[in-house]
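A.B. asks: structure for this input, please:
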Amino acid sequence: MNIFQKFSCYVLLFCCCLGYANPSDNVLLQKGWDALVKDHENEAFSYFWQAFEKARKENNTQDKAESLLYLGICSFGASSEKGLRYVTQSLSEYKKLASSNPEFAKKGRSRCLQLISTIYSRQKKYKEAIALSKTVVADLQGTDDKEGTLGLAYSSLGTLYEYQKQSDSSAYFFKRALAEFEKQKNIAYLPTAYVKMGDLAKRNRQKEISFGFYNKAIQLADTSENKQAQVHSLVALGKWELDFNHDEAKAEIHFQKAKLISQNLSDKVFEIKAIQALIDLKKKQNKFLEVSQLQDEQIKIKDHYYSLEREQIAKNLEVQFEVAEKDRKLELISKEKEVSRLTNYLLFSLVMLLVIVFSFLYFFLKRINKRDKQLLKTKEELFTVLEEQKQLKEQQFENDLEHKESQLSAITLQMLQKNELLEEIKSIINKKEDTTEKQLTKVINSHFTQDNNWNDFDKYFESVNKNFYNKLKQKYPDISSNDLKICALIKLNLSIKEMASILNISPDSVKTARYRLRKKLQLTTEDNLTEFILSV
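C.D. replies: Numbering: from 1, shown residues only. Got it, this is the predicted structure:
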């Protein structure tokens, strides 16, 4: 493992060791968490173990799963196999809660998978680690992850992509991790996230920005008394002094302080990292004796840390995890089959329900159709009755019209006969010239001027020819009452002689009146007056 990989692995271990924001309401787990954040691993382990024993006695599956997870977090820094064993047991307990408390079980499983991803990364199983962290992201993305597991998965993916020298992907996930940690205000994770962002800025030669991130990291680590975060930040600050200020003295102060703090940590990865930073510095200063001493010290720590027996135990636990995962997948397949069976049952039930519904609709519609036919028949009978009534009314109207027309003709004939009689009397009287005869002529002439007969004529004429006079007056405002009389007589299709007798004027006067009427009606010589009047 080269220096860069060691550093990345260290970041992952640091994140997981501090892991997963404040635990449940269990008092023992809370005390253990507080001790773990301050890197008091032995005290933290004691609290987590007490919580596990208490949950086991009370058969509390939820607290048992939580305490086993935190035992794994607390243990894996010093012993990968212990950490893997505890987290595998925790995964089994969370699995039991899948039906009773699915949301809690899902989040717990994600936390377990992320811790296993971290352990795999330490064992250089990068492909498996990436797959597990991606699973965590897929499960938690879009949820309100107050435990910080999603941010932790982003950070792990950022580090793992650094191994593969995929800088763009690495930077993307580190930025997502920082955003997630700041959103949830996870003090335990933020120092590491700030250091990674500082590394990205330093790689881009952004001096002030990178220092700002490193400074935030060390301040937050000191405030929270997080020794692992202090080591991490001090090493980063020492390298920054070398890269930008070329100040070897300040860099050595930071490295030595990190080494001193890391000696009290059970997870020796931090001490190895601090020593490696000093080795690189001493090589640069050509102080090879000190380099040799530091390398010997580092080798002893590594030999103690990496043992064949531990690797074998870890391998066995990996198999347990893989078997557990296979069992989980088989169970999922079984559940899918059950779901398929239930789906088929529901589909069959739905088909039967549809058959019943359609049958009911068929008979219902048939009944409605029968009722509609009866209603239609009734309407047809009613329509027949109405038609008969309409025909009766029309017949009555025609009878009334014929009656009025006969009355109109009678009045017209009466007027004609009266005027002919009066005309004859007048002509006889005109042959004599005594006073009595003159008085008689005056009386007869007075009869010619009476309008009673014309009033009766107009009344019957309007009843037969609705609005005849009004139509002519609206269209030809200049037309006179005498013109209207001429029009009425033309409408009755009377001859000029008959009109002259009724109006008590000569036929020539009738012709003159017709001529004037044509002008008022704006008719040309080609237009037929009688046809025009009949069309009104």
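
A.B. asks: can you read off the pLDDT for residue 305?
C.D. replies: Looking at residue 305, its pLDDT reads 63.

A.B. asks: quick check: residue 104 touching residue 96?
C.D. replies: No - using Cβ atoms under 8 Å as the test, residue 104 is too far from residue 96 to be in contact (11.2 Å). Every C-beta, even on glycine, is put in place using the N, C-alpha and C of the backbone.

A.B. asks: residue 228 versus residue 38, what's the distance?
C.D. replies: According to Cβ to Cβ, to the nearest Å, residue 38 stands 10 Å off from residue 228.

A.B. asks: more neighbours: which of these two?
C.D. replies: The neighbour comparison of residue 38 against residue 228 (other Cβ atoms under 10 Å) goes to residue 228, with 29 against 15.

A.B. asks: now the host helix or strand of the more buried one - C-alpha only, CSV.
C.D. replies: Per DSSP states H and E: residue 228 is located in helix 227-240. Presented in CSV, the C-alpha positions along helix 227-240 are these (Å, rounded to 0.1, in the frame of the first residue of the first chain):
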residue,chain,number,x,y,z
LYS,A,227,-8.2,12.7,18.8
GLN,A,228,-8.5,10.8,15.5
ALA,A,229,-9.6,14.0,13.8
GLN,A,230,-6.8,15.9,15.4
VAL,A,231,-4.2,13.5,14.0
HIS,A,232,-5.8,13.7,10.6
SER,A,233,-5.9,17.5,10.6
LEU,A,234,-2.3,17.9,11.9
VAL,A,235,-0.9,15.7,9.3
ALA,A,236,-2.7,17.7,6.6
LEU,A,237,-1.5,21.0,8.0
GLY,A,238,2.1,19.7,8.1
LYS,A,239,2.0,18.7,4.5
TRP,A,240,0.4,22.1,3.6
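
A.B. asks: quick one: that helix to chain centroid distance?
C.D. replies: 48 Å (Cα atoms, centre = their mean, to the nearest Å).

A.B. asks: elements contacting it?
C.D. replies: Secondary-structure packing of helix 227-240 (3 or more Cβ pairs under 8 Å, 6 or more residues apart in numbering; DSSP states H and E): helix 3-18, helix 190-203, helix 207-223, helix 248-262, helix 269-284.

A.B. asks: how about 6 Å then?
C.D. replies: helix 190-203, helix 207-223, helix 248-262, helix 269-284 (3 or more Cβ pairs under 6 Å, 6 or more residues apart in numbering; DSSP states H and E).

A.B. asks: any idea which of the ones you listed is most buried?
C.D. replies: helix 190-203 (a mean of 24; mean count of other Cβ atoms under 10 Å).

A.B. asks: nearest to the spatial middle of the protein, which residue is it?
C.D. replies: residue 142 (16.7 Å; Cα atoms, centre = their mean).

A.B. asks: and that residue, how far from residue 274?
C.D. replies: 39 Å.

A.B. asks: how about the helices of the stretch 351-500 of the chain, start to end?
C.D. replies: Per DSSP state H, counting those that start in this stretch, the stretch 351-500 of the chain carries helices over the ranges 435-449, 452-464, 468-475, 481-491, 496-503.

A.B. asks: state the mean pLDDT of the last one.
C.D. replies: Helix 496-503 carries an average pLDDT of 86.

A.B. asks: again with the longest one
C.D. replies: Taken as a whole, helix 435-449 has a mean pLDDT of 59.

A.B. asks: any regions of the stretch 151-300 of the chain where pLDDT drops low?
C.D. replies: Across the stretch 151-300 of the chain, nothing is flagged by pLDDT under 70.

A.B. asks: look up the closest residue to residue 203, ignoring the ones flanking it.
C.D. replies: Using Cβ to Cβ, 6 or more residues apart in numbering and skipping residues adjacent in sequence, the residue nearest residue 203 is residue 167, 7.8 Å away.

A.B. asks: burial measure for residue 265, as a count.
C.D. replies: Look at residue 265: counted by other Cβ under 10 Å, it has 19 neighbours.

A.B. asks: quick one: secondary structure of it?
C.D. replies: Under DSSP: H, G, I helix; E, B strand; the rest coil, residue 265 falls in the coil class.

A.B. asks: now it: how far from residue 505?
C.D. replies: Using Cβ to Cβ, residue 265 is found at 142 Å from residue 505.

A.B. asks: same question, residue 466
C.D. replies: According to Cβ to Cβ, residue 466 stands 28 Å off from residue 505.

A.B. asks: more neighbours, those two?
C.D. replies: residue 505 (14 against 8).

A.B. asks: ok, now how distant is residue 32 from residue 71?
C.D. replies: Taking Cβ to Cβ as the measure, residue 32 falls 9 Å from residue 71.

A.B. asks: shared neighbours of these two, anything?
C.D. replies: Shared contacts of residue 32 and residue 71, defined by Cβ atoms under 6 Å, 6 or more residues apart in numbering, are found at residue 48.
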